[in-house]
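[1] Could you work out the structure for the sequence below:
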Amino acid sequence: MNTFYKIILPLIIVTVFISCSKDSSGREPLRDYSEQYVKDLANIETFMKTHYMTVEDNQGSPNDQDVTFTIIPEGGTQVSIWDQTTYAIQSRNVTVKQNNVDVTYKIYYIKLRDGSGPNSKSPCNVDRVLTAYKGEYVFEKVETIDGNEVKTIISNEFETVINPQSYFNLTGVIRGWSEIFPLFKTGSYVGNTDGTITYNDFGAGIMFIPSGLAYFGNSTGGIPAYSPLIFNIKLYEIERADQDGDGIFSFQEDLNGDGYMLRLEKGVVNPDDTDGDEIPDFLDVDDDNDFFTTKSETKYVHPDDILETVRYYPFNGVGVDDPATLFVDETKGVPDCADDFTNPTRLRKYRDATCH
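    Down below sits the predicted model:
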């Protein structure tokens, strides 16, 4: 198991200690989140303004969309990451309100390739992803040159995975990953006779993550505490998750379709919560709060099945029924209360509290 897999898989939950002295273990108290974010953002932007990047555009090769960052030498004419126009620099704001923390972070990201293909799809923030990646941490290097102290913002690589073998659950990784991966799509791939896989047209990009959305005050796996992180990612494939085990994939319970589902603060209206019980549908086994579980409201018995075998409607049906699949009509997705499954905008019965 690679180092990064071991350190990124457990969800890092940071407890804030408000103290002016060391705790009983002798550790320094955690820094202020807001103050550290200001420093992180400045270091990230300085890095982007003082480095240029080289992108390998080599479709079908393992190094396709690899990125190398190089500091611009004094007098150099290379165009910085910040000033280049080949790839748009975008950002996503993420507000964290927990453990007495209320900070809105900016994650800069660059799309090298969106991802495309006949089966291309994006993960939601609670799915699992198969990704190749390179991870680097950003830090301030201090040198004395000609008697003067010189500070330079640079990066150091801590992990590279070229041929991923395992999926990462986006609910169990650093917050920065779960915020950025839904913005990319998968591509296509084929198996080779030698057992390898060739990936094409996959989504690829770069994310610059403040430490508050990474490991913050934890030093782990060779990453110093309070380090902003940079990842060059390649999205090869995804696995859909069903967090509440109700038979409806979690991405299908993303009611506003934005790719993100969260449990919000008490009293805050959640667009992904059908019944307003402050449990979003992807975690709620009874989405409409009618005291009948979601799973019980999606089951049926085919009238031609003399064994009366219980089956479950898929969320969406296919266009044409396959007669070879006995007792199953694939055209029927979960119907509404009137058993109509043809209207694509219907209110499916498990979300209708008047329907049992």
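
[2] how close does the closest residue to Asp201 other than its chain neighbours get to Gln78?
    Of all residues not flanking Asp201 in the chain, Gly187 sits nearest, at 3.4 Å (Cβ to Cβ, 6 or more residues apart in numbering). Where C-beta positions appear, they are placed from N, C-alpha and C, glycine not excepted. Remark: distance between Gly187 and Gln78 (Cβ to Cβ, to the nearest Å) = 30 Å.

[3] mind checking the SS state of Lys39?
    Counting by DSSP: H, G, I helix; E, B strand; the rest coil, the backbone at Lys39 sits in helix.

[4] Who are the contact partners of it?
    Lys39 is in contact with no residue at all, counting by Cβ atoms under 8 Å, 6 or more residues apart in numbering.

[5] ok, now the one 5 residues further on?
    Applying Cβ under 8 Å, 6+ apart, one finds that Ile44 lies in contact with Tyr108, Val138, Phe208, Pro210, Pro228.

[6] go on, Asp329?
    His302, Gly317, Asp321 are the contacts of Asp329 under Cβ under 8 Å, 6+ apart.

[7] how about a cut-off of 10 Å?
    Tyr300, His302, Asp304, Arg311, Tyr313, Gly317, Val318, Asp321, Asp322, Pro323, Phe341 (Cβ atoms under 10 Å, 6 or more residues apart in numbering).

[8] Highest neighbour count among the residues you listed?
    Neighbours here mean other Cβ atoms under 10 Å. Within these, the largest count is held by Tyr313, at 23 neighbours.

[9] I'd guessed that residue sits against Lys349; true?
    Yes: between Tyr313 and Lys349 there is a contact at 9.0 Å, judged by Cβ atoms under 10 Å.

[10] between the two, what contacts are shared?
    Residues touching both Tyr313 and Lys349 (Cβ under 10 Å, 6+ apart) are Glu297, Thr298, Val334, Pro335, Phe341.

[11] Quick one, grab the pLDDT at the last one.
    On the pLDDT scale, Phe341 is placed at 86.

[12] thinking again about what came up before, reformat the shared contacts of Tyr313 and Lys349 as TSV; add secondary structure and distance to Tyr167.
    Below are the shared contacts of Tyr313 and Lys349 laid out as TSV (DSSP: H, G, I helix; E, B strand; the rest coil; distance: Cβ to Cβ, whole Å):
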residue	secondary structure	distance to Tyr167
Glu297	helix	30
Thr298	helix	26
Val334	coil	27
Pro335	coil	32
Phe341	coil	32
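
[13] want to try JSON lines for those residues, with distance to Glu149 as columns?
    What follows is these, written out as JSON lines (distance: Cβ to Cβ, whole Å):
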{"residue": "Glu297", "distance to Glu149": "68"}
{"residue": "Thr298", "distance to Glu149": "66"}
{"residue": "Val334", "distance to Glu149": "66"}
{"residue": "Pro335", "distance to Glu149": "71"}
{"residue": "Phe341", "distance to Glu149": "71"}
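
[14] Surely Asn125 is in a strand?
    No: counting by three-state DSSP, Asn125 is not found in a strand; it is coil.

[15] List the contacts of it.
    Asn125 neighbours (Cβ under 10 Å, 6+ apart): 170-171, 175, 177-182, 250-251, 254, 258-262, 282.

[16] Got a ChimeraX select line for the buried ones in those?
    Of those, the buried ones can be selected in ChimeraX as follows, counting by 16 or more other Cβ atoms under 10 Å:
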select :170,175,177,178,179,180,181,182,250,251,254,259,260,261,282
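
[17] Return the subset of the contacts of Asn125 lying in helices.
    For these, membership in helices holds for Arg175, Trp177, Ser178, Glu179, Ile180, with DSSP state H as the criterion.

[18] wait, doesn't the first one sit right on Met207?
    No: Arg175 is not in contact with Met207 according to Cβ under 10 Å; the separation is 11.3 Å.

[19] Can you check the contacts of Ile44 and name whichever has the most neighbours?
    With neighbours taken as other Cβ under 10 Å, the top of the contacts of Ile44 is Pro210, carrying 29 neighbours.

[20] Now that one: closest residue in space that isn't a chain neighbour?
    Asp40 (4.0 Å).

[21] and that neighbour, how many neighbours?
    Neighbours of Asp40 using other Cβ under 10 Å come to 25.

[22] correct me, but it touches Ile209?
    Yes: between Asp40 and Ile209 a contact is recorded at 8.7 Å, counting by Cβ under 10 Å.

[23] if I read this right, Glu28 contacts Ser219, doesn't it?
    No: Glu28 sits out of contact with Ser219 when judged by Cβ under 10 Å, with a separation of 11.6 Å.

[24] overlap in contacts of the two?
    Ala225.

[25] Please consider this matter closed, and thank you.
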